[in-house]
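Participant: Structure of the sequence below:
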Amino acid sequence: MHSIIFLLSVLAIATSANATGTTSTADEIRSAATRFLDQFAEARSDEGQSVDYQIGHLDPRLNLAPCPNAVSADFNGDPWTTSQPTLLISCDGNRPWRMYLPVSLTITGDVFSAAQPIGRGERITAAMLTPQPGELNNSRRPPITRIEDLLGKEMTRSINRGTVLTSDLIVEPDTVQRGDHVIIVARSGNYTVRTRGQALANGQHGEQILVENLSSQRRIRARVIAPGMVEIPM
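Facilitator: As a prediction, the model looks like this:
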């Protein structure tokens, strides 16, 4: 589809451009793509990452309508999920046009792999991780680049030593687990009542779970508000 749009744009605009004798050339388009990618690389460098890129082939005979403003470039899609993204090159004006330019792109930075086998349900500690350089955009599941996004998380499945950690492998651990003793907080305006209870299910922050009031043996639904604490309306 992109190829069809590009060809139709070129055929329609080249005729008008040739009539005036003024055109936007392949060099202008390449310069716009280079400026955009250099800015992207500079932004990634501030995050401790590096970017290598190669712009795809442009026909030097390309003639498009003149662009009164600077030719603009942007990613057409998410550059973090592929090493072969396309750029959307466009021009605003009386005779606007757009085209798609293929690019080879490699983003490199620190990732974290398992320093040891880690079992399903285990909570991640720094001792379980090894930092190493890796490609960040060569998978539909980009690796996690910040250690703070891993520490304390729970594994969704077992992994072997050397496995690179990605977002599908971890989950936020339950704030309250079944069997935990909890404080049941009941609030009404400025009035607060607290009593002891026991969680009858696992729950994350903000979720409702079933708890048992240890004083009355009643089972009630309460919202998890903190580790060891749930809340019910009065």
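
Participant: what's the following helix or strand after the helix or strand of the chain with the lowest mean pLDDT?
Facilitator: The weakest-scoring helix or strand in the chain, judged by mean pLDDT, DSSP states H and E, is helix 2-20 (a mean of 41). Sequence-wise, the next helix or strand downstream of helix 2-20 (DSSP states H and E) is helix 26-45.

Participant: Tell me the buried residues in that following helix?
Facilitator: Within helix 26-45, the residues that count as buried by 16 or more other C-beta atoms under 10 Å are Ala26, Glu28, Ile29, Arg30, Ala32, Ala33, Phe36, Leu37, Phe40, Ala41, Arg44. Backbone N, C-alpha and C define where each C-beta goes, glycine included.

Participant: Any stretches of this structure with poor pLDDT?
Facilitator: 1-23 (pLDDT under 70).

Participant: need the strands for it, in chain order.
Facilitator: 50-55, 72-75, 86-91, 97-114, 129-135, 154-155, 170-171, 181-188, 191-199, 208-213, 219-226, 229-233 (DSSP state E).

Participant: Sheet-wise, list the partners of the fifth one with their directions.
Facilitator: Each strand that strand 129-135 pairs with, and the sense of that pairing, follows from DSSP bridges: strand 97-114 (antiparallel).

Participant: now Lys153, nearest residue through space, not along the chain?
Facilitator: In this structure, Lys153 finds its nearest non-sequential neighbour in Ile170, 4.0 Å apart by C-beta to C-beta, 6 or more residues apart in numbering.

Participant: I'd like to know how far that neighbour sits from Gly206.
Facilitator: Distance, Ile170 to Gly206, using C-beta to C-beta, to the nearest Å: 19 Å.
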